[in-house]
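**Q** Sequence plus predicted model, see below.
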Amino acid sequence: MTRGARDASGRSSSARASAAILGSQMLISAAELVVIVALIAFVPETLTNPTIFGGIGALFALVGVGALVPWDRVPRRWRVVLPLLNILAIGLVRAAEPQLGSGLLLVFPVIWLARAFTVTETIVGVNLAILVIWIDRVFIGGPLVVNDFASIVLLPIALGFIAMTVYLAARRTRAQTVLLRSHSKLVENALTRGRRQQFLLSEVLNTVAFGVVAFNQAKQIVFVNRTYRRWTEAFGDSSRGSVFDRVYQSDRVTLYPEAGRPFVRAMAGQEFDDLVIWVGEPGEQRRAAYSVSSRMIHDPGDQSMAGLIVLKDVTQELEAIRGRDDLVGSVTHELRSPLTSILGYLDLVSETDLPAETRAHVEVASGNAERLLVIVNDLLRAASDAEKDLSMSFIPGDVAQIAREAVAANLMYAKTHDVELDIDVPATAPATIDPVRIRQVLDNLITNAIKYNRALGHVLVRIERDRMIRVEVQDSGVGIPEADLARIFDRFYRTRSARDSPVTGTGLGLAITREIIQRHGGELTVESVLGLGSTFRISLPKDPTETAGEQTA
């Protein structure tokens, strides 16, 4: 760490070095103070010895040096002088009175050296301490006795082992400190990156045009983006400020029950898509519609951690759909009156005495007018009330016969488009059906197969019987793009190729066709290969009440 750098506590490295040096010096001086007290208690006359006095004075002078010297300005290699001077000062005290055992104080500067300096400096310090011990014994002179073994042999050995042990422990401690600081730096960097990413994510979410609400596992809202806050300020409950207080269903007047509110369902862990809510009191000029989706966020162990609610403002889209439905409703309402009149006059004509060929033509015109009136009524229903069911009248009927009539009625249409129209049906296919609606279904599928076919193309209507009545309308036409297959049964939806073609349409035919089949308890599916053709498959139960019973059960 460079000079002036700071540790986790905020202290600079120079301040910590000065504190460590002063602390080590104070520890040695405190131990020496104990020796002084012992001298006063047991051999006070030794205090008059100038050697002892000089050694004690030197130790306390070194305290002043440790406190006053600006160690941050002293090169590190010169700091070793202080513990070496302490060894010499202790040596003076020991030389004056060996029996006091003050040589044991040499342990403190040796520990200091081993803990704070390099191995070379530690070896120098230990050797200096041993040299002091042996020089003192040389000055004393006289024969060696048993008591000298402890001072001149065991004490140097003990100092060496202590120095080695402390040095190795200090080295491990320094390594662990470096490792901890490295890990701390990594954690700090990771935390900084995490905060930066969180800030970036918040800024991104705050710039999008849809509302985002995030909540944690404790069902507490932890994030609300700027767009959603703006919406709640306009429509929400300002006392709560996090969710809309009152939300209405798609009819714009019926409140969602508490348990059915999107926010309550999301907090309960439910996932859903495109649930439409309206906010703003009924009758007010300012109202808005939002499409709400909910997703749960799971950890790698598939445990639920949090949730996300996303809202999109769909007010303009719904208002546009409403305007389109109003227009369709007005147009089809105007069409119904002349159609009713046409049917009335065709009925009058059919009651007169007509040639057989003319009567057949009138009956074809009357049948087509009736089917056209059914389509107009369906358009009115779709435009005025999408939730209202199609009117159905179930009676025993023959699907095979209806298919033959539909093919016969469309032969001329197929001929004008250079398309071959074939049929492969059994003699009968009895089922409980609404014959008018099943004819409407077959007419719609057959005319679509002809319209979107190619010149010299082929259309085949096939029926098979087992537990179900299975009808197929197969063509060799342009096919349907895979991206459009999921939406071709939506109301008013037309594929891009259909919109680009000269063929006109409302986008209601397949939606109504599927609804009719579903009301019969059946299923309508499609398979298509772009450029090769499409196959629409109908599965009809022979008795729709049986299927309804199974679904209810």
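**A** Looks like it arrived, so ask away. Here the structure is a predicted model, which means the values were calculated and not measured.
**Q** tell me how far stretch 334-350 is from the chain's mean position?
**A** 61 Å (Cα atoms, centre = their mean, to the nearest Å).
**Q** Do a quick rundown of the strands in this structure.
**A** 211-216, 221-224, 272-279, 288-298, 304-313, 395-398, 419-424, 430-433, 457-465, 468-475, 523-529, 533-541 (DSSP state E).
**Q** Now the third one - C-alpha only, PDB.
**A** The C-alpha coordinates for strand 272-279 follow below in PDB (Å, rounded to 0.1, in the frame of the first residue of the first chain):
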ATOM      1  CA  PHE A 272     -51.100 -14.400 -16.900                       C
ATOM      2  CA  ASP A 273     -50.900 -12.400 -20.100                       C
ATOM      3  CA  ASP A 274     -52.700  -9.400 -21.600                       C
ATOM      4  CA  LEU A 275     -55.400  -9.000 -19.000                       C
ATOM      5  CA  VAL A 276     -57.200  -5.800 -19.900                       C
ATOM      6  CA  ILE A 277     -58.100  -3.300 -17.200                       C
ATOM      7  CA  TRP A 278     -59.800   0.100 -17.300                       C
ATOM      8  CA  VAL A 279     -59.000   2.900 -14.900                       C
END
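**Q** mind checking which of the strands of the chain is nearest residue 445?
**A** Checking those against residue 445 by Cβ to Cβ gives strand 468-475 as the closest, at 4.2 Å. Where C-beta positions appear, they are placed from N, C-alpha and C, glycine not excepted.
**Q** And the contacts of the closest one?
**A** Residues outside strand 468-475 that contact it (Cβ atoms under 8 Å, 6 or more residues apart in numbering) are 399, 403, 429, 431, 442, 445-446, 449-450, 452-453, 457-464, 522, 533-542.
**Q** Could you rerun that using 6 Å?
**A** 399, 429, 431, 445, 449, 453, 459-464, 533-541 (Cβ atoms under 6 Å, 6 or more residues apart in numbering).
**Q** Can I have the buried ones of the residues you listed as a ChimeraX selection?
**A** Buried residues among those (16 or more other Cβ atoms under 10 Å), as a ChimeraX selection:
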select :399,429,431,445,449,453,459,460,461,462,463,533,534,535,536,538,539,540,541
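**Q** hang on, the earlier thing: mind putting the strands of the chain into JSON lines with distance to residue 152 and mean pLDDT?
**A** Output for those, formatted as JSON lines (distance: least, Cβ to Cβ, whole Å; pLDDT from 0 to 100):
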{"stretch": "strand 211-216", "distance to residue 152": "72", "mean pLDDT": "86"}
{"stretch": "strand 221-224", "distance to residue 152": "73", "mean pLDDT": "84"}
{"stretch": "strand 272-279", "distance to residue 152": "90", "mean pLDDT": "85"}
{"stretch": "strand 288-298", "distance to residue 152": "74", "mean pLDDT": "86"}
{"stretch": "strand 304-313", "distance to residue 152": "71", "mean pLDDT": "82"}
{"stretch": "strand 395-398", "distance to residue 152": "125", "mean pLDDT": "93"}
{"stretch": "strand 419-424", "distance to residue 152": "121", "mean pLDDT": "94"}
{"stretch": "strand 430-433", "distance to residue 152": "119", "mean pLDDT": "92"}
{"stretch": "strand 457-465", "distance to residue 152": "115", "mean pLDDT": "94"}
{"stretch": "strand 468-475", "distance to residue 152": "112", "mean pLDDT": "94"}
{"stretch": "strand 523-529", "distance to residue 152": "104", "mean pLDDT": "91"}
{"stretch": "strand 533-541", "distance to residue 152": "109", "mean pLDDT": "93"}
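**Q** Could you export these as TSV, including distance to residue 25?
**A** Formatted as TSV, the strands of the chain follow (distance: least, Cβ to Cβ, whole Å):
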stretch	distance to residue 25
strand 211-216	55
strand 221-224	54
strand 272-279	74
strand 288-298	59
strand 304-313	56
strand 395-398	112
strand 419-424	108
strand 430-433	107
strand 457-465	105
strand 468-475	101
strand 523-529	92
strand 533-541	96
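**Q** Could you point out which of those strands sits nearest residue 481?
**A** Distance to residue 481, taken as Cβ to Cβ, is lowest for strand 523-529 among these, at 8.3 Å.
**Q** tell me what the closest one is packed against?
**A** Applying 3 or more Cβ pairs under 6 Å, 6 or more residues apart in numbering; DSSP states H and E, one finds that strand 523-529 contacts strand 533-541.
**Q** relative to strand 523-529, how tilted is the strand it packs on?
**A** Here strand 533-541 runs at an angle of 160 degrees relative to strand 523-529 (axes from the mean of the first three to the mean of the last three Cα atoms, to 10 degrees).
**Q** partner strands of strand 533-541, parallel or antiparallel?
**A** Strand 533-541 pairs in its sheet with strand 468-475 (antiparallel), strand 523-529 (antiparallel), by DSSP bridges.
**Q** of those, which approaches residue 211 most closely?
**A** Using Cβ to Cβ, the strands paired with strand 533-541 put strand 523-529 closest to residue 211, at 35.8 Å.
**Q** quick one: contacts of that closest one?
**A** Contacts of strand 523-529 (Cβ under 6 Å, 6+ apart): 479-480, 514, 517, 534-539.
**Q** at 7 Å instead, please
**A** Applying Cβ atoms under 7 Å, 6 or more residues apart in numbering, the contact partners of strand 523-529 are 479-480, 485, 488, 513-514, 517, 534-539.
**Q** So which of those is the closest to residue 86?
**A** Closest to residue 86, out of all of the contacts of strand 523-529 and judged by Cβ to Cβ, is residue 485, at 90.7 Å.
**Q** Enumerate every residue touching the closest one.
**A** 526, 528.
**Q** going forward, begin numbering at 8 instead of 1
**A** New numbering, starting at 8: the last item is residue 492.
**Q** Quick one: neighbours of the residue nearest to residue 349 when sequence neighbours are not counted, just the number.
**A** Spatially, and ignoring its direct neighbours in sequence, residue 349 is nearest to residue 376 (5.3 Å; Cβ to Cβ, 6 or more residues apart in numbering). Around residue 376 there are 16 other residues, counting by other Cβ atoms under 10 Å.
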